[in-house]
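Undergrad: Predicted model and sequence follow; I will ask about them next.
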Amino acid sequence: MDEILIISNYYPPEKGAAANRIEQLALKLHQKNYNVTVLCPLGNYPKGKLFPEYNGKFSVTENRDNVTVKRLWIYPSVSKNLVVRLLSVLSFSISLFFYLLFKKTPKKIVVQSPPLLLSFISVLVLSIKNKKIILNVSDLWPLAAIELKAVKENSFSHKFSLSLERYIYENSTLILGQSEEIITHIKTIFPEKNCYLYRNFPEHHTSELVIKSSENQPIKIFYAGLLGVAQGVLELCQKIDLKELNVEFHIFGDGAEREQLEIFISNQKEQKIFFHGMVERKKLHEILKSFDVAIVPLKTRIYGSVPSKIFEYTALGFPILYFGGGEGGTIVEENKLGWVAEVENFQELSEKIIEISKLTHEQLNSIKNKVFKASKLSFNLDLQINDLIEIGVF
């Protein structure tokens with residue numbers, strides 16, 4: 001059985017798209033007869049505190065669904081203090097550096113990027129050890145940091161990040177890009193680099209669509225995911241008006257905006273916005289069977305970013321209300337998966353919500369069935385992995 005190691009900053013029981021994405025890859029490679037090991041920090045995300053089962057541990061080795069998971073020490077934090085956050089990143093970076101340097105590792109290694117520092121350390125050590133490095137790029141850093149105004153252009157941190165970015169692209173054996181824009185960006189820097197498209201397709205094992213909504217209930221739009229600055233869910237709640245519409249907005253998740261969001265919702269009960277906190281993925285999918293439309297927002301258009309929620313929720317039959325710009329909007333439009341509003345154009349978003357509010361549940365159920373079938377045809381993880389294996393990526 002061929003061995004493969006995956007290095008990631010996130011892995012279940014941590015929540016969120018990043019952890020789910022890497023778990024899907026690990027499980028699918030295991031199904032394809034690879035002996036898979038995942039190297040990641042002790043579980044702490046998104047709260048920035050070690051989960052109770054990892055308290056007092058320096059490292060832990062687990063078996064999760066026949067995937068070996070090795071968790072290394074980290075000083076966890078989601079503090080807004082830059083120094084504290086840097087210490088957190090450095091803590092796992094040091095653990096990772098010494099593990100990769102001194103421990104035996106397989107010939108093939110998938111390295112998740114970002115975070116840039118972790119991918120840089122991984123590529124640095126693994127290139128010295130002459131490993132096959134498969135760099136899995138899900139977002140373009142530092143470009144995304146500039147667009148989110150988290151880093152100032154031409155600052156020291158920007159230039160330093162650019163040097164890390166160039167190094168990992170140049171020294172990886174090949175690169176997987178989560179979007180066409182990512183591949184285009186990398187090709188402008190290293191035209192000869194072998195790059196392959198690898199979308200964040202989920203695998204829910206659902207052969208038929210289950211619909212539990214009824215005509216006498218309001219249309220339920222939901223958001224499920226990280227409540228961070230990049231998603232802009234708080235601003236979305238502040239700027240939409242549902243008072244006169246047959247629409248409810250339900251929010252599932254956790255993150256930096258949670259406290260402000262809860263305060264706003266408690267003071268705006270007439271807006272029909274409901275917050276449910278973080279819910280375990282399988283339980284969430286069961287709850288969502290009575291819901292109607294998934295909204296996928298981004299605070300700003302981020303070049304290279306295609307939110308995995310598009311694939312996650314269309315695979316469950318939910319039409320998408322996309323509010324993020326870029327390639328994600330193109331995917332929704334070309335595959336007829338729902339509605340697209342221009343990023344940060346709240347007037348257009350409101351118009352789309354009004355349009356949705358006028359649909360009957362019979363019409364919505366017809367849309368759901370079309371979305372479910374389109375997803376099955378276009379977003380097939382098994383076929384995608386088979387194709388990559390056949391051309392020698394893994």
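TA: It's in. Residues are numbered from 1 along each chain as shown.
Undergrad: Strands along the stretch 51-200 of the chain, start to end?
TA: Here the stretch 51-200 of the chain has its strands, by DSSP state E, counting those that start in this stretch, at 59-64, 67-72, 108-113, 132-137, 174-177, 195-197.
Undergrad: The stretch 251-394 of the chain now?
TA: Listed in chain order, the strands found in the stretch 251-394 of the chain under DSSP E, counting those that start in this stretch are 273-275, 293-297, 320-323, 338-340.
Undergrad: among the ones you listed, which is nearest residue 172?
TA: Evaluated over the strands of the stretch 251-394 of the chain, closeness to residue 172 peaks at strand 293-297, with 29.2 Å, by C-beta to C-beta. For every residue, glycine as well, the C-beta is placed using N, CA and C.
Undergrad: can you list contacts of the closest one?
TA: Outside strand 293-297, the residues that touch it by C-beta atoms under 8 Å, 6 or more residues apart in numbering are 219-224, 231-233, 236, 249, 307, 309-310, 313, 318-324, 328, 338, 356, 364.
Undergrad: Show me where the protein dips below the pLDDT cut-off.
TA: 80, 82, 207, 210-215 (pLDDT under 70).
Undergrad: Determine the longest helix present in this protein.
TA: helix 82-102 (DSSP state H).
Undergrad: list the helices and strands that one packs on?
TA: In terms of contacts (3 or more C-beta pairs under 8 Å, 6 or more residues apart in numbering; DSSP states H and E), helix 82-102 is packed against strand 34-41, strand 67-72, helix 116-128.
Undergrad: hmm, try it at 7 Å
TA: strand 67-72, helix 116-128 (3 or more C-beta pairs under 7 Å, 6 or more residues apart in numbering; DSSP states H and E).
Undergrad: winner for burial among those?
TA: A comparison of the helices and strands packed on helix 82-102 by mean neighbour count, using mean count of other C-beta atoms under 10 Å, puts helix 116-128 on top with a mean of 21.
Undergrad: Could you list every helix and strand in contact with that one?
TA: The elements that helix 116-128 packs onto, with contact taken as 3+ C-beta pairs under 7 Å, 6+ apart, are helix 82-102, strand 108-113, strand 132-137, helix 156-171.
Undergrad: thinking again about what came up before, so which of the strands of the stretch 251-394 of the chain is nearest residue 164?
TA: strand 293-297 (29.0 Å).
Undergrad: related to what we said a few turns ago, which one, of the strands of the stretch 51-200 of the chain, ends up nearest to residue 280?
TA: Nearest of the strands of the stretch 51-200 of the chain to residue 280, taken as C-beta to C-beta: strand 59-64 at 14.5 Å.
Undergrad: Parallel or antiparallel, which strands does the closest one pair with?
TA: strand 67-72 (antiparallel) (DSSP bridges).
Undergrad: Please consider this matter closed, and thank you.
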